[in-house]
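Undergrad: Pasting a predicted model and its sequence here:
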Amino acid sequence: MIRTMVYLPEALHKSIKHLAVERGTSIAKLVTEALETLYQEDIEDLRVGHERLQSYQAQPAKSTSYASYRTKRLKR
């Protein structure tokens, strides 16, 4: 494991400290969990984007143009 240092705004540090006490864990553990969650969400977004790109490349005629999508979206 690698140790690192981060600077947090005072109010955020205070809030995280209270949360850590409530959960019976450390600030380091909370920060690690938050970063792992954020990373996994980004990886999932990239996976979905890659799948959609492959789908488009396989059948571009089935795609909707942005202008058409936006027009339909604004009508909602």
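TA: In hand now; what should we look at?
Undergrad: Helices of the protein, start to end?
TA: Using DSSP state H, the helices of the chain run over 10-23, 27-58, 66-75.
Undergrad: Residue 3 is nearest to which of these?
TA: helix 27-58 (9.1 Å; Cβ to Cβ). Backbone N, C-alpha and C define where each C-beta goes, glycine included.
Undergrad: that older thread, turn the helices of the chain into TSV, columns for mean pLDDT.
TA: As requested, those are arranged in TSV below (pLDDT from 0 to 100):
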stretch	mean pLDDT
helix 10-23	98
helix 27-58	96
helix 66-75	90
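Undergrad: In JSON lines, list the ones you listed along with mean neighbour count and distance to residue 1.
TA: Converted to JSON lines, those look like this (neighbours: other Cβ atoms under 10 Å; distance: least, Cβ to Cβ, whole Å):
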{"stretch": "helix 10-23", "mean neighbour count": "11", "distance to residue 1": "18"}
{"stretch": "helix 27-58", "mean neighbour count": "11", "distance to residue 1": "9"}
{"stretch": "helix 66-75", "mean neighbour count": "9", "distance to residue 1": "44"}
